[in-house]
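> Here is a sequence together with a model predicted from it:
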Amino acid sequence: QVQLVESGGGLVQAGGSLRLSCAASGRTFSNYAMGWFRQAPGKEREFVAAISRSGGITNYVDSVKGRFTVSRDNAKNTVYLQMNSLKPEDTAVYFCAATYFGGTSPAQKFNYWGQGTQVTVSS
């Protein structure tokens, strides 16, 4: 089992920045590719970004490319999502997830999920 705990969400004005963190415990963190997803009210959960086990490969949904950056620190068992130039449409609950399959595709099956952290962007 892998336990994931997100933090760093909050309320920010449009154009602002937030940095989400996801702390992992329970298994060897570097064995897992990691992903970030989000779910807005009334909408399905959507893929945001993913990062490979080593951090050398990343993948983003088109709507966040150039604004969001996913990174990881395997020594700290933590994955991050730096979000810049935030827009009201980025408002959602953000979840991190882990997969032992190692891929970064949006279609990748993720095995473990955190509880989520709320991000609200005001206009």
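In hand now; what should we look at?
> Tell me the secondary structure of the spatially most central residue of the chain, please.
Taking Cα atoms, centre = their mean, the centroid of the chain lies closest to W36, which sits 2.4 Å from it. Classification of W36 by DSSP: H, G, I helix; E, B strand; the rest coil places it in strand.
> just checking, it touches T58?
No - with contact defined as Cβ atoms under 8 Å, W36 does not reach T58; the gap is 10.6 Å. (C-beta placed from N, C-alpha, C; glycine too.)
> so what's in contact with those two at the same time?
Shared contacts of W36 and T58, defined by Cβ atoms under 8 Å, 6 or more residues apart in numbering, comprise A49, A50, V70.
> Would you convert those into CSV that also reports distance to K76?
Shown next, in CSV, are the shared contacts of W36 and T58 (distance: Cβ to Cβ, whole Å):
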residue, distance to K76
A49, 18
A50, 19
V70, 15
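> of all those, which comes closest to E89?
A49 (15.9 Å; Cβ to Cβ).
> okay, and for the chain, where does confidence drop off?
The chain contains no residues with pLDDT under 70.
> before we move on, the earlier item: bridging residues for the residue nearest to the centre of the chain?
A49, C96 (DSSP bridges).
> could we number from 14 for the rest of this?
Got it, the first residue is 14 from now on, which makes the last one we talked about W49.
> And it, how close does it get to N72?
10 Å (Cβ to Cβ, to the nearest Å).
> S135: neighbour count?
11 (other Cβ atoms under 10 Å).
> do the same with Q131
12.
> element containing C35, please.
Using DSSP states H and E, C35 sits in strand 31-38.
> Same check on N72?
Assigned by DSSP H and E, N72 belongs to strand 71-73.
> What residues are bridge-paired with the closest residue to S20 other than its chain neighbours?
Spatial nearest neighbour of S20, chain neighbours left out: S34 (5.1 Å); criterion: Cβ to Cβ, 6 or more residues apart in numbering. Residues in a beta bridge with S34, per DSSP bridges, are S20, Y93.
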